[in-house]
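**Q** okay, here's the prediction I keep looking at, along with the sequence it came from:
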Amino acid sequence: MTTLSTETPPSPPARPSRPSRSARRRRRVTARTGWFAVLLTSLTIVAYSAVPYLMGSLEQLDPDRAPLAPAYAQTPTVVQVALVVHIVGAAVALFVGPFQFWAASRRRFPGLHRWLGRTYLAGVWVGGVASLVMAPYNTAGMIGFLGFGTLGALWVWTGWRAYRAIRTGDVRSHQAWMIRNFSLTFGAVMLRTWTGTLVAAQAFAAGDAFDFDAAFENAYDAVTFLAWVPNLVIAEWMVRRRGLPTLRIVDPVARAAQSDERR
């Protein structure tokens, strides 16, 4: 049996010289541009995809603004409540999350960073647990149950690992788990992005024979995994690039044998 563990990669060899000032400036500009892009897209999804579901009962909502409302209006009350709770939790996490990666804010206002972190993780756990309640009733069938169910479980688990790490004072592991966790939170943005992209691609390929409903269904089936798996891959690349503790598959028997040899 194998388990997942985090290990700090070996330190890279010392560089003969520091990057030039212009190179450091380009990196800062790139990082800031990326952060602003994440912030703006996150806030856009909160405003245009989350808020409409909070404007009334599911039966009363406009399907054009809240496309999932008609389907979930036919589900048991507990699932309808879970949908609203999930939307609120995810919206909080998506709104707060980008600010947790603002380095200047972390340095200048550590107390605010801690409270925002608690708020973020509360949104993750509330939204994640609610998503697990919703998963059996999702509109994409079994593939949606597997895709969204796995996403919900990983969302809760990575948030818990981030919390455990900071509670034990392991800041670097906390940073790594937060990167992984927010990559899953950002799946809300990529779900809409990939859905639009795949529908547009099918429209281009089909021409006059294009059927929007069929294209949307095909795209939605794909994004149950596509919305978050690439994000998680990129997150792990970022973790490794920053020299933070990485995920490794460990065989407990082999690890025990190595420990015995060292003794």
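**A** In hand now; what should we look at?
**Q** point to the residue nearest the middle of the protein.
**A** Centroid-nearest residue in the chain: residue 184, 1.5 Å away (criterion: CA atoms, centre = their mean).
**Q** can you tell me the element the residue lying closest to that one once chain neighbours are set aside falls in?
**A** Excluding the flanking residues, the one nearest residue 184 by CB to CB, 6 or more residues apart in numbering is residue 155, at 4.7 Å. (Each C-beta comes from the backbone N, C-alpha and C, glycine too.) With elements taken from DSSP states H and E, the one containing residue 155 is helix 141-167.
**Q** please, which helix or strand holds the nearest residue to residue 215 once chain neighbours are set aside?
**A** In space, and not counting its chain neighbours, residue 215 is closest to residue 202: 4.1 Å by CB to CB, 6+ apart. Element membership for residue 202 (DSSP H and E) is helix 187-206.
**Q** helices and strands around that helix, which ones?
**A** Contact analysis of helix 187-206 by 3 or more CB pairs under 8 Å, 6 or more residues apart in numbering; DSSP states H and E lists helix 21-45, helix 77-96, helix 212-226, helix 229-241 as its packing neighbours.
**Q** now it and helix 77-96, what's the angle there?
**A** Taking axes from the mean of the first three to the mean of the last three CA atoms, to 10 degrees, helix 187-206 and helix 77-96 form an angle of 100 degrees between their directions.
**Q** off-centre distance for helix 187-206?
**A** Once both centres are worked out by CA atoms, centre = their mean, to the nearest Å, helix 187-206 turns out to sit 18 Å from its chain's centre.
**Q** same deal with stretch 70-81?
**A** Going by CA atoms, centre = their mean, the spacing between the C-alpha centre of stretch 70-81 and its chain's C-alpha centre is 24 Å.
**Q** that one spans what distance, first to last residue?
**A** By CA to CA, to the nearest Å, the extent of stretch 70-81 from end to end equals 14 Å.
**Q** give the buried residues for that stretch.
**A** Along stretch 70-81, these residues count as buried under the neighbour rule (16 or more other CB atoms under 10 Å): 72-73, 75, 79-80.
**Q** again with stretch 131-140
**A** By 16+ other CB under 10 Å, the buried positions in stretch 131-140 come out as 131-135, 137-138, 140.
**Q** from those, which is closest to residue 219?
**A** The shortest approach to residue 219 among the buried residues of stretch 131-140 belongs to residue 140, at 10.3 Å (CB to CB).
**Q** pretty sure the closest one contacts residue 225?
**A** No. Residue 140 is not in contact with residue 225 according to CB atoms under 8 Å; the separation is 10.3 Å.
**Q** give me the common contacts of those two.
**A** Any residue near both residue 140 and residue 225 by CB atoms under 8 Å, 6 or more residues apart in numbering counts here, and that gives residue 147.
**Q** on that earlier part again, count of residues packed around the residue nearest to residue 215?
**A** 17 (other CB atoms under 10 Å).
**Q** now residue 216
**A** Taking other CB under 10 Å as the neighbour definition, residue 216 ends up with a count of 16.
**Q** kindly report the same for the one 3 residues further on.
**A** By other CB under 10 Å, the residues close to residue 219 number 20.
**Q** below-threshold pLDDT in the protein: ranges please.
**A** Using pLDDT under 70 as the threshold, the predicted model of the chain has low-confidence ranges 1-19, 248-263.
**Q** re earlier: element containing the residue nearest to the centre of the chain?
**A** Mapping residue 184 onto the secondary structure by DSSP H and E places it in helix 171-185.
**Q** could the buried residues of stretch 131-140 be laid out in JSON lines, adding secondary structure and distance to residue 172?
**A** Written out in JSON lines, the entries for the buried residues of stretch 131-140 read as follows (DSSP: H, G, I helix; E, B strand; the rest coil; distance: CB to CB, whole Å):
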{"residue": "131", "secondary structure": "helix", "distance to residue 172": "29"}
{"residue": "132", "secondary structure": "helix", "distance to residue 172": "29"}
{"residue": "133", "secondary structure": "helix", "distance to residue 172": "34"}
{"residue": "134", "secondary structure": "helix", "distance to residue 172": "34"}
{"residue": "135", "secondary structure": "helix", "distance to residue 172": "33"}
{"residue": "137", "secondary structure": "helix", "distance to residue 172": "39"}
{"residue": "138", "secondary structure": "coil", "distance to residue 172": "36"}
{"residue": "140", "secondary structure": "coil", "distance to residue 172": "37"}
